[in-house]
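Chemist: Fold the following.
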Amino acid sequence: MPNEGSYEVALERSNTIRAELTNHPEKYTMLTGDRPTGRLHLGHYFGTLKGRVELQNMGVRTNVLIADYQVITDRDTTEHIQDNVYNMVMDYLACGIDPDKTMIYAHSAVPACNQLMLPFLSLVSEAELQRNPTVKAEMEASGHELTGLLLTYPVHQACDILFCKGNVVPVGRDQLPHIEITRQIARRFNNRYGKVFPEVDALLSDTPLLPGLDGRKMSKSYGNAISISMTPEETAKLIKKSKTDSERNITFDPKNRPEVSGLLSTAAICTGRDAAEIADEIGMGGAGALKKYVTEAVNSYFEPIRERRHQYEGDLDYVKDVLAEGNRKANEIAEATLAEVREAMGMTY
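Modeler: Here you go, the predicted structure:
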């Protein structure tokens, strides 16, 4: 976690940006993305995807990265990665990401972006990388040894943000150390070689973290996540088998009743209602009534998204074309940025 002082400064900058976005969206270039390790779920949608669409529709220059190279930071296989990438594009499109307004591209398809790693690595110390709390958390969560790729993960993120001259990145508080390293890399490069890169700011999310159906962090590995791509029937089945507790009266109490409260939180974010209010309404209806309410809330909210997704599932050629065009645009931008970097470093030969 960043210290309180740095968080307060980041929050103040974030609030200033949010106030300015409506009137001057053209001043901002946003970069964000996901690792294609499986299907995107409700946590992804309410945590990031919905916000990306809002920024896109405001007129911000939006760029969405499918971070396929980053899959191997803590995994020893790329099995199913192509299928995961294409399904991720389908999720993006179904949720409202417009390829005419937003560049969707894959890490591995843009070599000039990854080539920025070499000069960027010279601008950070091993100690700075070792201190990054997200790297430590990823290593502990995966049980994977600290590889060079995982250690330099924050530098990869700096390449992703800076290659397109990104100056705003939507993140949660726990991602602030990555933004700070990116800011340091940009500042140090500009001071050493000449101004090429912008200062980057975090656009801090004001959306509360959506827990999984069991109250724990929403994760595919926990089996507590509803995927965007699920059918209404699959959604109903997953919710029906989710755990609750022995108490019949439904109350919202995240600390003492995490499973019940996880279900209530899901219903609340899909209906725009207060979780405690929903709990009071269900009352002695018990787990059965709660699960029925949650199922209807989720399926109703995601019905139009899933209908659009079903159309893309039947047109894989279009999905591939969207990614190919995004890759083409990203390569064009990356080549231009790399040329600027080489010129600033005196390497134009």
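Chemist: ok, now how distant is the residue nearest to Ala276 when sequence neighbours are not counted from Glu296?
Modeler: Leaving aside its sequence neighbours, Ala276 sits nearest to Phe252 (C-beta to C-beta, 6 or more residues apart in numbering; 4.3 Å). All C-beta atoms are positioned from the backbone trio N, CA, C, and that covers glycine. Counting by C-beta to C-beta, to the nearest Å, the gap from Phe252 to Glu296 is 18 Å.
Chemist: same question, Thr78
Modeler: 38 Å.
Chemist: Same question for Leu238.
Modeler: Taking C-beta to C-beta as the measure, Leu238 falls 14 Å from Glu296.
Chemist: Pro119 now?
Modeler: Taken as C-beta to C-beta, the span from Pro119 to Glu296 is 54 Å.
Chemist: With neighbour numbers in mind, choose between the two.
Modeler: Neighbour count, other C-beta atoms under 10 Å: between Pro119 and Glu296, Pro119 has more, with 19 against 16.
Chemist: contacting residues around the more buried one?
Modeler: Phe189, Val341, Met345 (C-beta atoms under 8 Å, 6 or more residues apart in numbering).
Chemist: next one: Leu116
Modeler: Ala158, Cys159, Leu162, Phe163, Thr337, Leu338, Val341.
Chemist: cool, Gly38 as well?
Modeler: Contacts of Gly38 by C-beta under 8 Å, 6+ apart are Asn84, Lys220.
Chemist: ok, 6 Å please
Modeler: Lys220 (C-beta atoms under 6 Å, 6 or more residues apart in numbering).
Chemist: and it, what element?
Modeler: Gly38 is part of no helix or strand, with elements assigned from DSSP states H and E.
Chemist: I'd like the distance between it and Lys291.
Modeler: Taking C-beta to C-beta, one finds Gly38 at 24 Å from Lys291.
Chemist: about what we covered before: for the residue nearest to Ala276, give me the backbone phi and psi.
Modeler: Backbone torsions of Phe252, given as degrees, to the nearest 10, read phi -100, psi 110.
Chemist: What is the burial count for Asn23?
Modeler: Neighbour number of Asn23 under other C-beta under 10 Å is 8.
Chemist: Please apply the same query to Gln311.
Modeler: The burial count assigned to Gln311 is 12, neighbours taken as other C-beta under 10 Å.
Chemist: same deal with the one 3 residues further on?
Modeler: The number of residues packed near Gly314 is 7, by other C-beta under 10 Å.
Chemist: what are the phi and psi values for it?
Modeler: Per degrees, to the nearest 10, the backbone of Gly314 is at phi -90, psi 0.
Chemist: Same question for Asp245.
Modeler: Dihedral angles for Asp245 - degrees, to the nearest 10 - are phi -150, psi -180.
Chemist: Arg61 now?
Modeler: phi -70, psi 110.
Chemist: Next up, the contacts around the residue nearest to it when sequence neighbours are not counted.
Modeler: Take Arg61 and drop its neighbours on the chain: the residue closest to it by C-beta to C-beta, 6+ apart is Thr29, 4.3 Å away. Applying C-beta under 6 Å, 6+ apart to Thr29 gives the contacts Arg61, Lys165, Gly166, Asn167.
Chemist: Go ahead and confirm the last one touches Leu203.
Modeler: Read it as Asn167. No - under the criterion of C-beta atoms under 6 Å, Asn167 makes no contact with Leu203, lying 10.0 Å away.
Chemist: Same drill for these two, tell me which one is more crowded.
Modeler: Using other C-beta under 10 Å as the criterion, Asn167 and Leu203 rank with Leu203 on top: 23 against 20.
Chemist: Doesn't that one lie inside a helix?
Modeler: No - assigned with DSSP: H, G, I helix; E, B strand; the rest coil, Leu203 falls outside any helix and is strand.
Chemist: what's the neighbour count on the residue nearest to it when sequence neighbours are not counted?
Modeler: Distance criterion C-beta to C-beta, 6+ apart; nearest residue to Leu203, sequence neighbours excluded, is Pro170 at 4.5 Å. Pro170 has 21 neighbouring residues, counting by other C-beta under 10 Å.
Chemist: Which elements pack onto the strand or helix carrying Pro170?
Modeler: Secondary structure assignment for Pro170, by DSSP H and E: strand 168-171. With contacts taken as 3 or more C-beta pairs under 6 Å, 6 or more residues apart in numbering; DSSP states H and E, strand 168-171 sits against strand 29-34, strand 201-204.
Chemist: Distance to Tyr45 for the ones you listed - can I get that in JSON lines?
Modeler: Converted to JSON lines, the helices and strands packed on strand 168-171 look like this (distance: least, C-beta to C-beta, whole Å):
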{"stretch": "strand 29-34", "distance to Tyr45": "11"}
{"stretch": "strand 201-204", "distance to Tyr45": "17"}
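Chemist: any chance of those in CSV, plus distance to Thr48 and mean pLDDT?
Modeler: Formatted as CSV, the helices and strands packed on strand 168-171 follow (distance: least, C-beta to C-beta, whole Å; pLDDT from 0 to 100):
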stretch, distance to Thr48, mean pLDDT
strand 29-34, 6, 96
strand 201-204, 11, 93
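Chemist: so which of these gets nearest Pro232?
Modeler: Closest to Pro232 of the helices and strands packed on strand 168-171, according to C-beta to C-beta: strand 29-34, at 24.2 Å.
Chemist: Tell me the first helix or strand C-terminal of that closest one.
Modeler: Toward the C-terminus from strand 29-34 - assigned by DSSP H and E - lies helix 42-44.
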